[in-house]
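1. below are the sequence and a predicted model for it; my questions follow.
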Amino acid sequence: MSSAGSAEAFQKVSQLWSILDDLSQDDPAAYRQFIEKQMKEGAEFNAPPELDSCLCTEILEPKKRSLYVNICSWKRVPAPQDPSRPLPLCAGKLETDTHEGQGWYSVLDVAINPAVLQDSKKDKTEVHLLALSFAQQQYGMSLSQQYTVVSSSPKSSPDDVHRRLGFRQWPNTSRQPDTVSQNPAALLQKISSLRSEKPHEDSVVQITSRPAEHKKKDLIQVISTTFVQPQKPEYQLEVKPDARGVAHSMELTVDLPKVCSMSECQLRVSKDDVLLEVEDVYYLLLEFPKTVIEDTAHAIFNKKTRRLTLRVDVF
């Protein structure tokens with residue numbers, strides 16, 4: 001902001017403080033009503049996202065696994081101004097993990113304004129299809145056309161959902177402020193902190209769908225995105241034979257030029273495949289050509305060559 005713009009903004013704020021100061025003296029009841037209304041609206045705006053429903057479908061490509069989509073209600077996501085306008089959505093990061101003995105799955109959180117969910121309470125099919133279309137377009141997935149509504153998904157606790165959506169609680173929402181005893185500057189500062197609090201910019205993407213009459217032409221339009229899709233790193237996977245020529249172990253080497261330390265890597269090995277993630281940088285999910293023994297897996301990262309080497313025995 002320019003110095004002229006800053007001066008103008010400061011002047012307006014000063015005028016507002018002066019008006020509130022006069023109001024507190026001339027009409028204490030009106031002053032209290034105004035402040036309490038602002039604080040109530042701010043507290044509602046600062047409320048965390050709440051889980052509304054959960055969908056389960058199957059990712060067909062690039063790698064088969066289950067996909068859970070958590071539909072969340074969140075007042076920070078604006079409602080459309082009228083039915084003909086696009087519908088804003090806010091989505092968190094796609095998270096991938098594994099069920100013990102059941103293979104890989106992914107979880108995605110999609111937040112929508114509560115009024116929209118309330119309007120579609122009887123039939124949420126349109127909202128569900130919009131969320132699934134977003135997952136396909138944003139992450140390059142091919143999804144099954146069938147989905148089910150389930151009671152919950154893995155990692156669907158409030159803490160998990162808040163983390164993926166980038167929600168950060170305003171530290172003093174649990175306390176009811178003494179609005180009358182505080183001066184207008186302090187109160188407005190609190191109101192401002194509530195209004196300026198936004199979802200974490202590194203972890204959310206906002207999307208909109210076209211109105212109903214335009215769905216066939218363009219179902220989803222990304223209006224802003226602040227995280228970069230992870231890239232697939234260069235790698236080599238080899239089967240190592242023993243002295244008799246029988247497959248003995250598997251060796252995976254992955255070039256990670258943007259990584260400085262092993263601590264940045266998340267590595268998960270199952271008997272059938274391996275997942276390597278470096279948040280917002282690299283993503284690699286590979287199927288082993290042979291079944292491996294997970295407990296024998298060990299990895300080394302060479303800081304000089306920026307190369308990770310994973311070795312694991314095969315059955």
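-> Happy to help now that I have it.
2. measure how buried K93 is and give me the count.
-> If you count neighbours by other Cβ atoms under 10 Å, K93 ends up with 19. In this view, the C-beta of every residue, glycine as well, is placed from N, C-alpha and C.
3. so it, which of the three states?
-> Judged by DSSP: H, G, I helix; E, B strand; the rest coil, the three-state class of K93 is coil.
4. report pLDDT for the residue of the chain most remote from its centre.
-> In the chain, R244 marks the outermost C-alpha relative to the chain mean, sitting 49.9 Å out by Cα atoms, centre = their mean. Per-residue pLDDT puts R244 at 88.
5. check C72 too.
-> 89.
6. what helices and strands are in contact with the helix or strand where it lies?
-> Using DSSP states H and E, C72 falls within strand 65-73. Helices and strands touching strand 65-73, as assessed by 3 or more Cβ pairs under 8 Å, 6 or more residues apart in numbering; DSSP states H and E, comprise strand 50-61, strand 103-112, helix 114-119, helix 125-139, helix 158-165.
7. quick one: buried residues of the third one?
-> Spelled out, that is helix 114-119. Using 16 or more other Cβ atoms under 10 Å as the burial criterion, the residues of helix 114-119 that qualify are 114, 116-117.
8. mind exporting the C-alpha coordinates of it to PDB?
-> Presented in PDB, the C-alpha positions along helix 114-119 are these (Å, rounded to 0.1, in the frame of the first residue of the first chain):
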ATOM      1  CA  PRO A 114     -23.300 -23.500   5.800                       C
ATOM      2  CA  ALA A 115     -26.200 -21.800   4.000                       C
ATOM      3  CA  VAL A 116     -25.400 -23.800   0.800                       C
ATOM      4  CA  LEU A 117     -25.400 -27.100   2.700                       C
ATOM      5  CA  GLN A 118     -28.600 -26.100   4.500                       C
ATOM      6  CA  ASP A 119     -30.400 -25.300   1.100                       C
END
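9. so how far is that helix from its chain's centroid?
-> On the basis of Cα atoms, centre = their mean, to the nearest Å, helix 114-119 sits 20 Å off its chain's mean C-alpha point.
10. name the surrounding residues that touch it.
-> 52, 71, 73-75, 79-80, 87, 124, 127 (Cβ atoms under 8 Å, 6 or more residues apart in numbering).
11. 6 Å instead, please
-> Applying Cβ atoms under 6 Å, 6 or more residues apart in numbering, the set of residues contacting helix 114-119 from outside is 52, 73, 79.
12. return a ChimeraX selection command for the buried portion of the residues you listed.
-> Applying 16+ other Cβ under 10 Å to the contacts of helix 114-119 leaves a buried subset, and the ChimeraX line that selects it is:
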select :52,73,79
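13. and of the contacts of helix 114-119, the nearest to T96?
-> Proximity of the contacts of helix 114-119 to T96 (Cβ to Cβ) peaks at D52, which lies at 22.7 Å.
14. give me the pLDDT for V107.
-> pLDDT, V107: 91.
15. how about it: which residues does it bridge to?
-> Counting by DSSP bridges, V107 forms beta bridges with Y68, E95.
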